Structure formats: structure tokens, C-alpha cells
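Chemist: using only what follows, build the 3D model:
(2 chains)
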Amino acid sequence: MNPEPSTNDGCMQPLIQVENLVKRYAKRSLSGQREEKLALDGVTFSVSPGTTLAVVGESGSGKSTLALCLACLERATSGSIWLNGENIVQLSEEERRKVRPQIQLIFQDPASSLNPRWNALEIVTEPFVLQGKWKREEMVQRAHSLLEQVSLSPEFYTRLPLELSGGQRQRLAIARALALEPKLLILDEALSALDCSVQGQIGNLLLELQSSLGMTYIFITHNLAMAAHLADTVAVMNRGRIVDLGPSETVWKHSECHTTRQLLAATPGLKRSLPTGLER
Amino acid sequence: MRYVLRRTAHVLFLLIGVSILAFLFSTLAPGNYFDEMRLNPQIAPETVVALRSQYGLDRPLPWRYASWLNSVVRGQMGFSFAYNSAVAPLLLPRAGNTLLLTITATLLAWGIALPLGVCSAEQLGRVPDRLISWATAALLVIPDLALALGLLVLAVKTGWFPAGGLASVGFESLSLIHKIRDLALHMTLPVVALVLSVLPLLVRHVRAAVADVLDAPFILAARGHGIPRRTLLYRYALRAAANPLISLFGFSLGVLLSGSLLIEVVMSWPGLGPLLLEAILARDLYLVLGGVLLSGLFLAGGNFLADILLYWVDPRIRTEGHAQ
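Modeler: Just a heads-up that it's a prediction; the model follows:
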């Protein structure tokens, strides 16, 4: 079998373990010269099951590339991603397709991440149709219970995405992702396009789902307050590298890292919005 | 249902507009069928005057239009001077031949354009896409006429295909299978010429529409669900890109129809093309008008079909209707 990666701390087997991940994009400039852009430059971290890792950093720091690589939608140039004892970077395209349902991605803009021609029920049923192991009534039943889980009331089931509000769309996107019973949910700026009160609601929904289903999250954001509220561990990224990594509290309170300090300084209301218990 | 009614009314309105304009312009054009008779010393001037009044050409324009419209409604579409017969029985069998050609060509062209365009969009910027782009660009710059003549030369040199017409001599005595084979052989060259003339346009539109959609997050999300590549491309991306392509489908029917008039003349296919060409040269007024009306009908029909398809494919159009 595959050689097992070394486990850190030794307390719990991590769900996903990333080692020295590199993603290089080649592009051609106008003059025809090849240019290389290093989007990820040796990223290493691991996430334990049932916990949340927040990845913060300014735009262009490689957060979204990381999300695409983890979700098997982009192939990393080198390095490894271990999931269930398999290095998913090395798998063939067909094998990667079969891994994809285990890692679901929630996008920033729920409007464009939902098929505009389908109603809510059809959108949530789609992953079942794909797996093809259920009868029609069973699929509808499962879809109903998923939509219930994300608190979408039945009056919205026949609506098209353009007839739903931003918060409702994001609930729908979460329900669709949960339909595949993923092990890991990656939320790529999933709350940034929503207004504040809705952000709080969806944030709480995510926490509820985590305690009821034991979900594991990777929460990508530039909103430090939200990251502090949701995450157990925080990774700070800058120019494709993780420059700061540790338990949420330690990173906020004691970080010596320049990037972390800068991000903290750019979020003036953070101290007040930090959940109690993190305040000293 | 109201949508269909509205579209139908739209088509009728359009056809009436086309007929009025066509009628107006054809009477404004100098000369008519009887002018040449007047130059003929063997025909008495009185005869020409009598003929003119017999066909109502000395009456005012609105009267002529009304009587022509009346004849269209009764299914005769006016009277052909040259053939000395009602227009409809001349026109309709020819129109059938033309439709046989254009509908086959349209279906075939789309059948080729869709996979080529989708492949091109998926491989955007890579070798297959570049090959397809070069090939379509090359086809685009060759005039239809040169294409048709080239194919004819091929037919004559190789003898694989008949070089014109719709059926061989003795067609009636053939068995059904041989009849179909004979027809298919005769259709091959004109259909190929038509397909080649419209293909580059279609491939490019399919490529652009699909490439646009492939970047959408919901396609990325669908890929993340582990959907196989082929399903993703054809069931998701192509459907999402369908709207502009369906409109283009309606349009392409019309384009192929006018394109086929030229091809028919060159390849002597007994469709509307050769008939209309003769009618125009002879200034056979009502035959030309009938042809124009029919092409208008085909074009409007193609667009009508596209509208209905669009309504069926895209639920968003349906909800818009409800909102109004």
C-alpha cells in the first residue's frame, strides 16, 4: 500500500494532510514569452476530522488555488494531498473524478454557482441522479430532508435561483454539497457576498451542521472576525506560502508574524467581535 | 400558450409586412412581362392592352394587392404569365424539393458543428482547437459558388456522384430501397456544398457560447460533484449555452434557404432557385412574389420554431411570462 504520511502530534489521524504543495501556472505574455506564476509555494498543513481550519490572507495570496487543488479541480504541480491514505495529486483523471464527491466546494457567488435553469429541488436532486442508486421518490425524499436541514421552507422548492435571496441561494448551495455526503467542505469566501445578518445565520448553520454531522471545514476568507468565530485552527497565507499556522487563539493573541499583524490591524472591529472566551 | 399565440401573431404580422413591401417594390421596378410583347411586331398593340386588362395590370395598386391577397388566401397565389397557370401548383412541389435539401443540410450541419464546437471550446487554445479554427477560417474565405463548382468538377471527374438533377432516368421503375439510394446520391453534392458553406459560422458560434459557459462556477461545481466529462460537456455546458444557439438555429434555416437558391441553380436541383431565377428574368411578377412570400414564410417559420424551442428549454423565459 501507499506509505502513510507522518502524523503530527499523534493525537488524531488527520482527515486530510497536505505536504509541500506547489502549483505553478504557465502563461504567455503578449510578446510570446513564457511567464510562470507560482500560486502555491510549498504549502503544508493537516486538518483533523470534525474541526475547522480557517485560511486567511489578502487576495492573490493563493487561497482559491489551494481550494481548487484540494477539490481535485486543479492538479497541483508537485507535493501531495493525502486523503484516506491516498495521494490524490498522483491519481489519474478518472480516479480523481471518483474522489471529487468527498470534497465539496462552496463558492463565493451562490447565484452563478447554481444552474439558473433548474429549481431548488432539481438542483439538490442532481447529485443523486448522478450516483444512480436511488429511485425517484427516494431522491425527492432525500432532497426534502436536505433542504429542511438548511432551513429552506417548502414554498421555495419550486423556485429558480433567480427568485431566491442571496442567503437562500447559499443555503441551497450548501444543501447541494451535503447531498454527496462529503467528508470535507471547503467554503471559498462563501459568506463574503452576503450581508452581515445573513452571514451570521449561515455561519451558525455551518456550526450546527458540524455538531450534528461531524463535518470538517476549510474556511477560506479575508474576514478575520468570521474566521475567529468559526475556526479551531488558522492558517495565514501570503504569496502562496503559509506564513503563520496555529490554534485560533494563539494566532490572534500572540502571533509575531508580520502578515498576521497587518491583517489584524486592517480589521478594526475585531477585538469587539471576538467571541467571549478568546478575550483575555 | 399565450406565448405561442403571441409568437404566431408576430409571424403573421411579419409576413403581411413582407408581402406589402415585396409587392410595392416589384411594381415600382421598371418593366413588366408584357413590355417585351409590345416590342414584338407580330403581336398587335390591342392584344397587349387586352392582356394587361385581363390580368388587372391597368388597375390601381391597392386593388391589385387586394386581389392578389385574395388569391393567396384561396391557395392560388396569383397567376403566372409565363406558365399560364396558377402560381401555387408551380411553386409548391419545387418548394418541397428545396426544403428537402435545406432541412437535411441544416440538421447535418448542426450535427457536425455541435461536437466540433464543443471539442474546440473544451480544448481552447490547444492543438485541436487551433486545427478546427484554421479549418473553419479557410472554409469561411471560400465563396459558396467556388465550393459548388469545385464539387461539380469532382463529380464529373470521378463519376461517383450524378452531376445534377434530383433523380435518374427511370426513377419510377426502381424499388423503394434503390429509389432512396438514388435520391441520396443526387442529394449528396448540393447538401455537402450547403453544409460546408454554413459550417464555419455554426462551429464558431458553438465554440464561443460553450467556452463562455465552461468558466461558470456552476459548471465547476458540477465537475466537483464527480460528473463525467462527456455528461458535463453535453448535458450541462451545451444546455446552458443553448439560448444563443437556438436563436442561431432559426436563423441558419433562413440563411441556408437563400444559400440553397444559388446552389440549386449551379447544381440544377429542381427547387425554387432555378424557377425563381427564370421568373425574375422574365419579369413573371406573381411567380416572383410567390417565391418571396415562401422564403419569408420559411425564415419566419424557422425563427418561430426557435422561439418555441427556447421557451421549452429555458424555464426562465416561462417565469418571465408569469411575472408579466
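Chemist: mind jotting down where the strands sit in chain A?
Modeler: Per DSSP state E, chain A has strands spanning A:16-28, A:34-47, A:52-56, A:78-83, A:86-87, A:103-106, A:184-188, A:216-221, A:233-238, A:241-247. These are given in chain order.
Chemist: out of the ones you listed, which gets nearest to chain B?
Modeler: Nearest of these to chain B, taken as C-beta to the nearest C-beta: strand A:103-106 at 5.2 Å. C-betas here are computed from N, CA, C, even on glycine.
Chemist: who's in contact with the closest one?
Modeler: Applying C-beta atoms under 8 Å, 6 or more residues apart in numbering or on different chains, the contact partners of strand A:103-106 are A:16, A:67-68, A:70-73, A:83, A:113, A:170, A:173-174, A:177-178, A:180, A:182-188, A:190, B:220-221, B:224-225.
Chemist: are any of those buried, and which?
Modeler: Buried positions within these, assessed by neighbour count (16 or more other C-beta atoms under 10 Å in any protein chain shown), are A:16, A:67-68, A:70-73, A:83, A:113, A:170, A:173-174, A:177-178, A:180, A:182-188, A:190, B:220-221, B:224-225.
Chemist: how about the residues of the stretch 1-150 of chain A near chain B?
Modeler: Taking C-beta under 8 Å from any C-beta of the partner chain, the part of the stretch 1-150 of chain A that reaches chain B is made up of A:71-73, A:97-101, A:103-105, A:107, A:109, A:112-119, A:126-127, A:130.
Chemist: mind giving me the PyMOL select for the residues you listed, buried ones only?
Modeler: What follows is the PyMOL syntax selecting those of the residues of the stretch 1-150 of chain A next to chain B that are buried according to 16+ other C-beta under 10 Å:
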select buried, chain A and resi 71+72+73+97+99+100+101+103+104+105+107+109+112+113+114+115+116+117+118+119+126+127+130
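Chemist: chain B - how does it break down into domains?
Modeler: The record, using automatic domain parsing to delimit domains, assigns chain B the ranges B:2-87, B:88-323.
Chemist: got a list of what the residue nearest to B:Val292 when sequence neighbours are not counted touches?
Modeler: Distance criterion C-beta to C-beta, 6 or more residues apart in numbering or on different chains; nearest residue to B:Val292, sequence neighbours excluded, is B:Ala22 at 4.4 Å. Taking C-beta under 8 Å, 6+ apart, we find B:Ala22 in contact with B:289, B:292-293, B:296.
Chemist: and the helices in chain A, which stretches?
Modeler: Taking DSSP state H, the helices of chain A run over residues A:63-70, A:93-99, A:110-113, A:120-131, A:136-149, A:166-178, A:196-213, A:224-230, A:248-254, A:258-265, A:270-273.
Chemist: now the first one: average pLDDT?
Modeler: To tie it back to what came earlier, the one meant is helix A:63-70. In this model, helix A:63-70 carries a mean pLDDT of 90.
Chemist: pull the contacting residues for B:Ala208.
Modeler: Contacts here follow C-beta under 8 Å, 6+ apart; on that basis B:Ala208 touches B:Ala121.
Chemist: which SSE is it in?
Modeler: Taking DSSP states H and E as the definition, one finds B:Ala208 inside helix B:176-214.
Chemist: can you pull out the low-pLDDT segments for the stretch 151-280 of chain A?
Modeler: Scanning the stretch 151-280 of chain A for pLDDT under 70 picks out A:267-280.
Chemist: so which residues on it come close to chain B?
Modeler: Proximity of the stretch 151-280 of chain A to chain B is confined to A:160, A:162-163, A:173, A:176, A:180 under the rule C-beta under 8 Å from any C-beta.
Chemist: just the helices in the stretch 201-324 of chain B please.
Modeler: If DSSP state H, counting those that start in this stretch is used as the criterion, the helices of the stretch 201-324 of chain B fall at B:217-224, B:229-231, B:238-240, B:242-266, B:272-282, B:285-313, B:315-323.
Chemist: make JSON lines from the ones you listed and add mean pLDDT to it.
Modeler: Below are the helices of the stretch 201-324 of chain B laid out as JSON lines (pLDDT from 0 to 100):
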{"stretch": "helix B:217-224", "mean pLDDT": "87"}
{"stretch": "helix B:229-231", "mean pLDDT": "85"}
{"stretch": "helix B:238-240", "mean pLDDT": "87"}
{"stretch": "helix B:242-266", "mean pLDDT": "86"}
{"stretch": "helix B:272-282", "mean pLDDT": "88"}
{"stretch": "helix B:285-313", "mean pLDDT": "87"}
{"stretch": "helix B:315-323", "mean pLDDT": "64"}
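Chemist: pick the most buried one from the ones you listed.
Modeler: Of those, the one with the most neighbours on average (mean count of other C-beta atoms under 10 Å in any protein chain shown) is helix B:217-224, at a mean of 22.
Chemist: strands of the stretch 1-150 of chain B, start to end?
Modeler: All strands of the stretch 1-150 of chain B, identified by DSSP state E, counting those that start in this stretch, fall at B:79-80, B:85-86.
Chemist: the last one packs against which elements?
Modeler: The helices and strands touching strand B:85-86, judged by 3 or more C-beta pairs under 8 Å, 6 or more residues apart in numbering or on different chains; DSSP states H and E, are strand B:79-80.
Chemist: the strand it packs on: partners in the sheet, and parallel or antiparallel?
Modeler: Neighbouring strands of strand B:79-80 in its sheet, by DSSP bridges, are strand B:85-86 (antiparallel).
Chemist: which of the residues of the stretch 151-280 of chain A next to chain B sits closest to B:Ser173?
Modeler: Top of the list for closeness to B:Ser173, among these and by C-beta to C-beta, is A:Leu160 at 59.6 Å.
Chemist: how about the closest one, what does it touch?
Modeler: With contacts defined as C-beta under 8 Å, 6+ apart, the neighbours of A:Leu160 are A:116-119, B:315-316, B:319.
Chemist: pull the most distant pair out of those residues.
Modeler: With C-beta to C-beta as the measure, no two of the contacts of A:Leu160 lie farther apart than A:Trp118 and B:Thr319, at 12.4 Å.
Chemist: buried residues in the helix holding B:Ala208?
Modeler: By neighbour count, and taking 16+ other C-beta under 10 Å as the criterion, the buried residues in helix B:176-214 are B:182-183, B:186-187, B:189-211, B:213-214.
Chemist: quick revisit: out of the strands of the stretch 1-150 of chain B, which one sits most buried?
Modeler: Compared across those, strand B:79-80 shows the largest average neighbour count, a mean of 22 (mean count of other C-beta under 10 Å).
Chemist: just to revisit the earlier point, and the residues of the stretch 151-280 of chain A next to chain B as a markdown table, adding distance to A:Gln149?
Modeler: Conversion of these to a markdown table gives the following (distance: C-beta to C-beta, whole Å):
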| residue | distance to A:Gln149 |
| --- | --- |
| A:Leu160 | 21 |
| A:Leu162 | 23 |
| A:Glu163 | 21 |
| A:Ala173 | 13 |
| A:Arg176 | 12 |
| A:Leu180 | 14 |
